[in-house]
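**Q** Could you look at this predicted model? Sequence included:
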Amino acid sequence: MASDIRLWAPRADDSPVGSIDAAVSVFGRVDAACTRFNPLSPLMRANAEPHLWHEVPETLFRALQEAHRAYDVTRGLFDPRVFGDLVNLGYDRSLPFETGNVVAPKNDEARRPLGGWRPQFRSGPPWMINLGGVPIDLGGIGKGLAARWAADHLNGLLDAFLIDAGGDCVCRGEGPDGGGWRVGVEDPGGATSPLAVLELRDVACATSSIRLRRWQSGERRVHHLIDPRTGEPGGSGLLAVTVVADDPAHAEVLTKALFLSGREGICSSAKAYGAAALWVDTSGAMTETGSLAPYVIWRRP
């Protein structure tokens, strides 16, 4: 996932170590099943023949189901079938893309219109999927799902914990200072101090940003947040979007959908989704919805 995974549990001394290890191991299991950067992963084996049925681990089966739900909820604005678009732009490996300083050749292969997405499922065991004819990338929801499933291991075991998966966070109970957990909203312009600080309890948050995953593709600078309607980097006028929601995967999907609405459309999109959201545009201006206000305890002057 090209991210550090951190777990804080201030009152975990009496908790079974095995259960905490099981929560942490979720991330490795999701990565192994759902990565597109390992040609031997279950996802990439399915991607090689996306029109056929494949037996897969339950983790991939569930992830694909959740990705399809997100596709429906966002009316196709979240669409994992941007796999080919990312590869055509040169994003065909993980590191060193995280550095934001990569030159990659552009593949000028013509893009095939996507149409509606109808993957198929046969519950198992064995767990069977058919991708619906087009390879997919689960990077837009995978960390959020891993954070959700890791939290499921800890709910009822710990009364307070924070899981941070590269900016996708699950916050449960009280933080170490009392009240909620304090989470800084990163400045996509690169400043070391946050734009705002959120206090979160029993909710999740996620951020989509183009600060890191940017590179030179052919003659232009591009980023990884692809608009499935065009096959091109989207979000005109925006640098980053943060969303607070009940579930980390839902928050992660909403950040993508809102970002792809662009600066001109994000206000109406956030209202339509009822999202507690904050975004930063290319001028550096920060805007937030009214429903985010209860979580904000500090804003940069």
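**A** Sure thing, it's come through.
**Q** so who does residue 6 touch?
**A** 162-164 (C-beta atoms under 8 Å, 6 or more residues apart in numbering). In short, each C-beta sits where N, CA and C put it, glycine included.
**Q** bridging residues for it?
**A** Beta bridges link residue 6 to residue 164 when assigned by DSSP bridges.
**Q** For it, give its distance to residue 158.
**A** From residue 6 over to residue 158 the distance is 15 Å, taken as C-beta to C-beta, to the nearest Å.
**Q** And the strands in the stretch 1-150 of the chain, which stretches?
**A** 5-8, 53-56, 103-104, 120-122, 127-130 (DSSP state E, counting those that start in this stretch).
**Q** of all the ones you listed, which lies closest to residue 65?
**A** strand 120-122 (6.3 Å; C-beta to C-beta).
**Q** can you list the weak-confidence ranges in the chain?
**A** Within the chain, the stretches with pLDDT under 70 are 1, 11-17, 95-111.
**Q** For my notes, confirm residue 287 occurs in a helix.
**A** No - secondary structure of residue 287 (DSSP: H, G, I helix; E, B strand; the rest coil): strand, not part of a helix.
**Q** In space, what's closest to it - neighbours in sequence excluded?
**A** residue 279 (5.7 Å; C-beta to C-beta, 6 or more residues apart in numbering).
**Q** What is the neighbour count of residue 169?
**A** By other C-beta atoms under 10 Å, 23 other residues sit near residue 169.
**Q** Please, where are all the helices along the protein?
**A** For the chain, helices defined by DSSP state H occupy the ranges 17-34, 42-48, 58-73, 83-88, 142-154, 248-260, 262-273.
**Q** Could you give me the buried positions within stretch 83-98?
**A** 83-91, 97 (16 or more other C-beta atoms under 10 Å).
**Q** Next: stretch 20-34.
**A** Buried residues in stretch 20-34 (16+ other C-beta under 10 Å): 20, 23, 26-27, 29-34.
**Q** Restricting to C-alpha, output it in PDB.
**A** Output of stretch 20-34 as PDB, limited to C-alpha atoms (Å, rounded to 0.1, in the frame of the first residue of the first chain):
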ATOM      1  CA  ILE A  20      -3.900  -6.800  18.100                       C
ATOM      2  CA  ASP A  21      -1.500  -8.700  15.800                       C
ATOM      3  CA  ALA A  22      -4.500 -10.100  13.900                       C
ATOM      4  CA  ALA A  23      -5.800  -6.500  13.400                       C
ATOM      5  CA  VAL A  24      -2.400  -5.400  12.100                       C
ATOM      6  CA  SER A  25      -2.100  -8.400   9.800                       C
ATOM      7  CA  VAL A  26      -5.300  -7.400   7.900                       C
ATOM      8  CA  PHE A  27      -3.300  -4.900   6.000                       C
ATOM      9  CA  GLY A  28      -0.800  -7.500   4.700                       C
ATOM     10  CA  ARG A  29      -3.700  -9.800   3.700                       C
ATOM     11  CA  VAL A  30      -5.500  -7.000   1.800                       C
ATOM     12  CA  ASP A  31      -2.300  -5.900   0.100                       C
ATOM     13  CA  ALA A  32      -1.300  -9.500  -0.900                       C
ATOM     14  CA  ALA A  33      -4.800 -10.200  -2.400                       C
ATOM     15  CA  CYS A  34      -5.600  -6.800  -4.000                       C
END
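**Q** who wins for most neighbours among the contacts of residue 6?
**A** residue 163 (26 neighbours).
**Q** how far away is the residue lying closest to that residue once chain neighbours are set aside from residue 9?
**A** In this structure, residue 163 finds its nearest non-sequential neighbour in residue 170, 4.5 Å apart by C-beta to C-beta, 6+ apart. Residue 170 sits at a distance of 12 Å from residue 9 (criterion: C-beta to C-beta).
**Q** joint contacts of the two?
**A** Residues touching both residue 170 and residue 9 (C-beta under 8 Å, 6+ apart): 161-162.
**Q** how many other residues sit next to residue 182?
**A** By other C-beta under 10 Å, the residues close to residue 182 number 17.
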